[in-house]
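Visitor: Sequence and predicted structure, then a few things I'm wondering about:
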Amino acid sequence: MYKGIEASRGIGIGSICLIVEHDLSFESKHIDDTEAEKARFNNAIEAFKTETSAMAENIRKNIGPKEAEIMEGHLAMIADPTMAGEMTKMIEAGQCAEAAVTAVCDMFIGMFSKMEDDMMRQRASDISDIKISLLKLLLGIEDVDISKVAPGTVLVAHDLTPSMCSQIVKENVVGIITEVGGKTSHSAILARALEIPAVLSVPNITEIVKDKDTAIVDGTEGDVYINPDGEVISQYVIKREEFVKAQAELKKFIGQKTVTADGTELELFCNIGTPKDARKAVECDGEGIGLFRSEFLFMDRPHLPTEEEQFEAYKEAVEIMGGRTVIIRTLDIGGDKDIPYLGLEKEENPFLGYRAVRYCLANSDMYKIQLRGILRASAFGNVKIMVPLVTCVDEVRAVKALVEECKNELRSEGVKFDENIEVGCMVETAAASLIADILAKEADFFSIGTNDLTQYTMSVDRGNAEVAYLYSAFQPAVLRSIKNIIQAGNAAGITVGMCGEAAADPLMIPLLISFGLKEYSVNPVLVLTARSIISKWSKAEADALAEKVLALTTEKEIVELLKASAK
Ligand code: PEP
Ligand code: MG
C-alpha cells in the first residue's frame, strides 16, 4: 500500500493509464533572424490561447464556471504584457523562443513558489503548466489524448495539470494518482468537482507503476494499492458500494429543509472565516451563517482594518447570503490567535487572560469601529452581532451600550442600519454556562462554542496534546453544561444555537435534538451530513438515548453507547 494526500473522496478501482512526461529538452541557439523567431513565438502564443479557451469552455460545460476560472487565469497571465513582453525582449536579444519561455517562466515559478500564501504558491504550478504547454507547441509535441482513455481508467501522472483535467471524461476516469500536489492544488479542486477519487503526492508513483496495472485509489483515506490480491479488491468493492450509497443518500438532502424524523424544523447554518467563504456556504446548501469569525479580517495584514474595509467585508458576506441570517462574531483575539500589530504582551495563561471581549471593551475606540462596520452592513440583510468569551452579564451590557452609542452616531450621520439588530453571546465559558439563566435575560440569542466550552469546563488547553485525552465534548461535565445552556435559553424564549465543532458530530446530534437545540452551525462541507443525521432522529428516540447517556458516568461509556446507537 502506498500513502498519499487524500484530495478527493471516494474509491476508484481500475486499470492504469500512465501519463508519461514528454522530453521537453531543446538546444538553446543564438537567433539571427529575430523577426522570424518572434513570429514563431507569436504563433505559439496564439495557438496556446485558442487551446486554452477551448479547455476553459470544456470545463465550464462539463464541470462548472467556477472551475473554468482556472484556465481563464492562464489566459489572463499570458495576456498580461509582463510575461509575454519579457519573452519577446529576450528573443529580440537573440535567444530562441524555447529559451525565452523557459527563462521567464522559471523566474516567475521561482518567485511564486517561495511565497507563504497557498494561493500564491498555486500560481507557480499554473505558470509551470503554461510553460509546458508553450514548449510543446514550440517543439511540435502532441499530448496523450486523455479524452480518449477507456472506461475504468485510473490516471497516473507526475502532476495532473488543469489542462489535462479539462480533457477528462468523467464517466471513463475512476481515479487519479499523482506525485505532487496537495488538497488545495488545482488538480485537487478539479478532481473534487468531477467527483473522481484522487490521491496526490504519492512518492515516485510514476516509476512504480506501468500501463494496465490494476490500481485501487482510496481518496477518502489517501491510500493506493497497485496490483492488489483478490481479497483486497473484494473489500474495496464493498467500500466503494457503501460510499456510493452514502453519497446518493446525501444528495437527496440538497435543497431540502432541515427536519427531524418527527417533523420539527431546525436551522442549519455555516461557520465562515472570510466573506468569500459565504459563497461556499451557499454552494453547500447552508441556510445562513451561524459564525463569521471576524478576526480573520484582522490577521495577515500590517495594521487594523478601517471601518470602510470592515463594512465592505461584512456587506459582501451579507449580500452573498441574500437575506439569510449572518451572525458576525466580534473580534476574538488572544489565546491561540495572535495579531502581531496589536502588540499584546505574552501572558502566563493566554487562554485565561486579556482576550476577546475583554480586550475589545478595554479598547472601545477600536471596538466601535468594528461595531459601526457591522451596523452599516446590517442595512443590507439580516445581521446579528455575537460577543465572544462572555463570563458575566456586565460584559453583555457594556457591549450593548457601545452598540447604542454607535447607533446614535450613525443616526446623526444619516447612515442606515437595522434598528432592531440582535446582540447575542457565545456561551463558551464555564461561568457563562452557570449563569445562562441570567445571561438569557440580557442576550438576544445564545450560540454555544463547544470548542472553548470543553476547554474551560475540563480545564484542559485545547491545543495541548498531552492532555488531549480529557478534551471531549462527550465528558459528562460538558454534556450537562450544554443541556443547561440550551434549557436556560429556551426557557427565556431566545434562540439557542451551537457553532462549536460538536454541532456537526453525528454522535452529538441526537443529544442536541433531545436538549432542544434549534440552530446548528457547521463547516460548510458538513451541511448535508448534519441534515441527514438530523432527519434520522425523532425527539422521542433522542430523549430515550439522552436519558441513558446522562445516567452514565464516564466519557468512554458515553461514546460507546452513542456509537452503538448511531443511525
Ligand atoms: C468555539 O469556541 O466553540 C468556537 C466556535 O469558537 P473558536 O473555535 O473560534 O474559539
Ligand atoms: Mg471560542
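Guide: Looks like it arrived, so ask away. Numbering: from 1, shown residues only. Ligands and ions are numbered 1, 2, ... in the order given.
Visitor: most remote residue from the chain's center?
Guide: Distance from the C-alpha centroid of the chain, by Cα atoms, centre = their mean, peaks at residue 32 (52.5 Å).
Visitor: That residue in helix, strand or coil?
Guide: coil (DSSP: H, G, I helix; E, B strand; the rest coil).
Visitor: what sits against it?
Guide: Neighbour list for residue 32: residue 94 [criterion: Cβ atoms under 8 Å, 6 or more residues apart in numbering]. No exception for glycine: its C-beta is placed from N, CA and C like everyone else's.
Visitor: quick one, phi psi at it?
Guide: phi -90, psi -50 (degrees, to the nearest 10).
Visitor: And the pLDDT for it?
Guide: Looking at residue 32, its pLDDT is 91.
Visitor: and it, how far is that from residue 228?
Guide: Separation of residue 32 from residue 228 (Cβ to Cβ, to the nearest Å): 58 Å.
Visitor: Would you confirm that residue 180 belongs to a helix?
Guide: No: Residue 180 is assigned coil when assessed by three-state DSSP, not a helix.
Visitor: ok, how many other residues are close to it?
Guide: Residues lying near residue 180 (other Cβ atoms under 10 Å) number 17.
Visitor: what's the weakest-modelled helix or strand in this structure?
Guide: Every helix and strand of the chain was ranked by mean pLDDT, DSSP states H and E. The lowest is helix 162-165, at a mean of 76.
Visitor: Near ligand 1, which residues of the stretch 451-567 of the chain are found?
Guide: Applying Cβ under 6 Å from any ligand atom, we find that the stretch 451-567 of the chain lies next to ligand 1 at 451, 452, 499, 500.
Visitor: nope, the stretch 201-350 of the chain is what I meant
Guide: When proximity is defined as Cβ under 6 Å from any ligand atom, the stretch 201-350 of the chain approaches ligand 1 at 291, 293, 332.
Visitor: and the first one, what is it in contact with?
Guide: Read it as residue 291. Shown in contact with residue 291 (Cβ under 8 Å, 6+ apart): 269, 271, 272, 327, 329, 386, 447, 499, 521.
Visitor: where does this protein dip in pLDDT?
Guide: Along the chain, the parts satisfying pLDDT under 70 run over 116-119, 184, 300.
Visitor: returning to what we had before: can I get the contacts of residue 291 in CSV including neighbour count and distance to ligand 2?
Guide: Below are these laid out as CSV (neighbours: other Cβ atoms under 10 Å; distance: Cβ to the ion, whole Å):
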residue, neighbour count, distance to ligand 2
269, 29, 16
271, 24, 11
272, 27, 15
327, 25, 13
329, 27, 9
386, 29, 11
447, 30, 10
499, 29, 8
521, 28, 12
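Visitor: In strands, which of those fall?
Guide: Judged by DSSP state E, those include 269, 271, 272, 327, 329, 386, 447, 521 as members of strands.
Visitor: from the residues you listed, which is closest to residue 192?
Guide: The nearest member of these to residue 192, counting by Cβ to Cβ, is residue 272 at 18.9 Å.
Visitor: Closest residue of the stretch 301-450 of the chain to ligand 2?
Guide: Per Cβ to the ion, residue 449 is where the stretch 301-450 of the chain lies closest to ligand 2, at 4.0 Å.
Visitor: Quick check: that residue vs ligand 1, distance?
Guide: Counting by Cβ to the nearest ligand atom, to the nearest Å, the separation of residue 449 from ligand 1 is 3 Å.
Visitor: contacting residues around that residue?
Guide: 388, 426, 427, 428, 499, 500.
Visitor: cutoff 6 Å now
Guide: Shown in contact with residue 449 (Cβ atoms under 6 Å, 6 or more residues apart in numbering): 426, 428, 500.
Visitor: With distance to ligand 2 and neighbour count as added columns, please give these in CSV.
Guide: Output for the contacts of residue 449, formatted as CSV (distance: Cβ to the ion, whole Å; neighbours: other Cβ atoms under 10 Å):
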residue, distance to ligand 2, neighbour count
426, 6, 28
428, 5, 27
500, 7, 25
